[in-house]
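**Student:** the amino acid sequence is not available; the structure is as follows:
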DNA sequence: GATGAATGAGCTTTCATTCAT
DNA sequence: AATGAATGAAAGCTCATTCAT
């Protein structure tokens, strides 16, 4: 949709096919390089792998943040859509939250380099932060609120902080042996349980 | 004794005062720059702030890791010594562990940039990792074991992983508003509680 | 053909002219600087003289050895081709050898700084040594063998050692007055003559 | 002599012993380091090996050339004295020349780094050149003249050029396998023989 | 007299980014 | 539109030399 209905007539100029293909190649290349060398990899490496010139990247993605967003857009969208679905299909809100966090962790751990950059202060990544928050914060908030409302978990932690915490734990992995982000996140989530939920209230 | 009794006058250890002062200046400068720009800050910046040339840094601290270790040595030692003491003075082993982790977090959060580098894979930081592990791992292990033995917490997490997890959460802070590492660590520790403490079973 | 028939106009190989010109400028500058300051001259000096940035040199010639080879390639090739030709046109194999050595000396003495680097152990020059040996050793060997076979000269010196000896004598020249490399090499070659050529055999 | 008869009285102030010992240590250290790393080795290395500060070197030998001269003085003197002696003891002037050149080569090849610096144009080595020429040129000239007078060798090469040639061939050695300076020098000397010794005279 | 600490220039190399074609 | 060449700003590190004690 976004790209095909370019208003009136003149549909698809001959050049457009090239540009399209190029953008695709760029995204694939970037994804691969990000996995291999992290999100801060030299622009040149990405261009080289895509078989384009460096300037082509700048044309398509003026900012590094733009490129990162584009690379991970599909998965972020999927993550966003998974939230409400889980709330429906999971037994309890808490279970839904746990499941969603699992997905989030899988995403971050798999696409390494990303978690690290999500911790960064560098203003050049602000758009990236914004994008993630715009898409995921509402979802996570909904899950958190649901679980809190059901009395299963503490209610004094907001979604933003939780997400940053999870991302931080994922960033800690590096290439390191002897560090299991999933397990630590599990602990963190376990810590959300109502301490001794005053049952006989 | 060490420096003051230079026997018959004939200066035996000249210039030491200057060098001493310089080293101090260097450490102070490094500490400040580390906080401001992270531990990977350009050597030149540190030298500039200390009012020395770059080579002076290399003389005192041949390696960046050496400098970092020197900057944080005092506090790491204090941390190491606090462990056994807390075990004595705190009510329960778990309380001791919690208190010690608090101190660890205070340290990491205060001396920012440090937490980030503790996550790094870069081999140039290996000596730094080694130093931290040598000093703190035994302490943390002792606390963790004590708490596990008393049945208060799960026993399936080793001290190394716990410390990395805590460090990661601290690294997430950046200069960011709206991120409270202490609170997240608290959650993580809470997650260590025996799930359903099978006490009176 | 190679560059001119770019089909339908749509520039297929743009910018090449500039790059070409730049490379030329770089080579010229390098040649000049090499003569003036030796082959170890700062990259910056060469860039400055060529009117380019330093990175431009790295793009064209990733390694210092690459640059040196490029600078002297034409002349080395000419030298290599001269060998067989001389063997044909000169009266005796010994004369051919002598003439070729003359050319070799002319080359080294003219392009000063080169002779010095050919003596160097520095591994960064290995590719340079390899190039010279690949191109010239076979030629020199052929000449030397021919002269040895004809009984005119001793046969106990291999071409490699001879070439190094000649290069060394040329390196001795520096900018010095009162040192005539050609003459010394002449002596060296004269020393190759059969000691007492078994005349009445 | 040079150092002990410092005019009237006050012979040997207490400090002199120290200074003397220091100078000796410096020379020994320099000799060792020169062999290991060449004559251009960092001043610091020499000071370190001598167990002194760097400034001590500057006090004793203001210039690098001064230090080099001092290190090799004994051997240069020995070389200088050997000349006339050889002329007496050897069968022919030519034999004497050959023997002396052998000694010269042994010296240069053994004390590597020296030969290289003798080729250098760098004005900072001028005093070094001067010293060598002052001491050795007359000796070599005498030997050369004697051999020329006896009709054994060509007379169109002066001692200066010969010495530089020999030094150059020695400099070519580096740490390289497959390069025998002695052999090449032998060839050079062989080349000095009367071309076709006026047979039909 | 000796010391060794401090200096700061200088070199190489890497990249993000711009720009001419 | 796309290209990739050129740019120039960093940054780390090494040494010869000076200088305060």
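**Tutor:** Received the coordinates, thanks. This is a predicted model, so every value here is computed, not measured. Residues are numbered from 1 along each chain as shown, chains lettered A, B, ... in the order given.

**Student:** tell me which parts of chain A are close to chain B?
**Tutor:** Proximity of chain A to chain B, by C-beta under 8 Å from any C-beta of the partner chain, involves residues A:119-121, A:157, A:160-161, A:164-165, A:167-169, A:171-172, A:174-176, A:178-180, A:183-184, A:186-193, A:195. Just so you know, the C-beta spots here come from the backbone N, C-alpha and C atoms, and that holds for glycine as well.

**Student:** what's the ChimeraX syntax to select whichever of those are buried?
**Tutor:** Under the burial definition 16 or more other C-beta atoms under 10 Å in any protein chain shown, those of those that qualify are selected in ChimeraX by:
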select /A:119,120,157,161,164,165,167,168,169,171,172,174,179,180,184,186,187,188,189,190,191,192,193
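
**Student:** how close does residue A:59 get to residue D:52?
**Tutor:** Distance of residue A:59 to residue D:52, given as C-beta to C-beta, to the nearest Å: 63 Å.

**Student:** which of those two has more neighbours?
**Tutor:** The residue with more neighbours, out of residue A:59 and residue D:52, is residue D:52; 18 against 14, by other C-beta atoms under 10 Å in any protein chain shown.

**Student:** residues contacting that one?
**Tutor:** Shown in contact with residue D:52 (C-beta atoms under 8 Å, 6 or more residues apart in numbering or on different chains): D:22, D:25, D:26.

**Student:** may I have the phi/psi pair for it?
**Tutor:** As for residue D:52, its main-chain torsions (degrees, to the nearest 10) stand at phi -120, psi 180.

**Student:** excluding its backbone neighbours, what's nearest the residue nearest the centre of chain A?
**Tutor:** By C-alpha atoms, centre = their mean, chain A has its centre lying nearest to residue A:76, at 4.8 Å. Leaving aside its chain neighbours, residue A:76 sits nearest to residue A:135 (5.3 Å; criterion: C-beta to C-beta, 6 or more residues apart in numbering or on different chains).

**Student:** that neighbour: helix or strand, and which one exactly?
**Tutor:** Using DSSP states H and E, residue A:135 sits within helix A:126-149.

**Student:** tell me the gap between the next helix or strand after that helix and the middle of its chain.
**Tutor:** Remark: after helix A:126-149, the chain's next helix or strand is helix A:159-171, criterion DSSP H and E. Helix A:159-171 sits 11 Å away from the centroid of its parent chain (C-alpha atoms, centre = their mean, to the nearest Å).

**Student:** so where do the helices sit in chain A?
**Tutor:** Assigned by DSSP state H, chain A shows helices spanning A:14-37, A:43-50, A:54-60, A:64-89, A:93-110, A:114-119, A:126-149, A:159-171, A:181-190.

**Student:** just checking, what packs against the first one?
**Tutor:** Taking 3 or more C-beta pairs under 8 Å, 6 or more residues apart in numbering or on different chains; DSSP states H and E as the contact definition, the neighbouring helices and strands of helix A:14-37 are helix A:43-50, helix A:54-60, helix A:64-89.

**Student:** in TSV, list the contacts of residue D:52 along with pLDDT and neighbour count.
**Tutor:** Below are the contacts of residue D:52 laid out as TSV (pLDDT from 0 to 100; neighbours: other C-beta atoms under 10 Å in any protein chain shown):
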residue	pLDDT	neighbour count
D:22	84	17
D:25	92	16
D:26	93	24
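
**Student:** which of the residues you listed lies closest to DNA strand E?
**Tutor:** Minimum distance to DNA strand E across these is 4.4 Å, recorded for residue D:22 (C-beta to the nearest atom of the strand).

**Student:** what sits against the closest one?
**Tutor:** D:50, D:52, D:56, D:60 are the contacts of residue D:22 under C-beta under 8 Å, 6+ apart.

**Student:** filter the residues you listed by proximity to DNA strand F?
**Tutor:** Cross-checking the contacts of residue D:22 against DNA strand F (C-beta under 7 Å from any atom of the strand) gives no overlapping residues.

**Student:** residues of chain A that sit close to DNA strand E?
**Tutor:** Neighbours of DNA strand E within chain A, by C-beta under 7 Å from any atom of the strand: A:40, A:41, A:42, A:43, A:44, A:54, A:55, A:58, A:64.

**Student:** mind picking the two most distant members of these?
**Tutor:** Greatest spatial distance among those (C-beta to C-beta): A:40 and A:55, at 19.7 Å.

**Student:** domains of chain A?
**Tutor:** Split into domains by automatic domain parsing, chain A comes to A:13-62, A:63-201.

**Student:** any idea how far residue A:69 lies from residue A:47?
**Tutor:** Between residue A:69 and residue A:47 the computed distance is 18 Å (C-beta to C-beta).

**Student:** got the contact list for the residue of chain A found nearest DNA strand F?
**Tutor:** Relative to DNA strand F, the nearest point of chain A is residue A:55 (2.1 Å; C-beta to the nearest atom of the strand). For residue A:55, no contacting residues are found, by C-beta under 8 Å, 6+ apart.

**Student:** run the last query once more with 10 Å
**Tutor:** By C-beta atoms under 10 Å, 6 or more residues apart in numbering or on different chains, the residues touching residue A:55 are A:43, A:47.

**Student:** residue A:72 too?
**Tutor:** Shown in contact with residue A:72 (C-beta under 10 Å, 6+ apart): A:27, A:30, A:31, A:34, A:39, A:79, A:107, A:111, A:114, A:128, A:131, A:132.

**Student:** wait, the second one sits on residue A:42?
**Tutor:** It stands for residue A:30. No: the pair residue A:30 and residue A:42 does not pass the contact test of C-beta atoms under 10 Å, sitting 11.6 Å apart.

**Student:** rewinding a little: so which elements touch the helix holding residue A:135?
**Tutor:** When contacts are defined as 3 or more C-beta pairs under 10 Å, 6 or more residues apart in numbering or on different chains; DSSP states H and E, helix A:126-149 packs onto helix A:64-89, helix A:93-110, helix A:114-119, helix A:159-171.

**Student:** check the offset of the helix or strand of chain A with the lowest mean pLDDT from the chain's centre.
**Tutor:** Ranked by mean pLDDT, DSSP states H and E, the weakest helix or strand in chain A is helix A:14-37, scoring a mean of 83. Relative to its parent chain, helix A:14-37 has a centroid offset of 19 Å by C-alpha atoms, centre = their mean.
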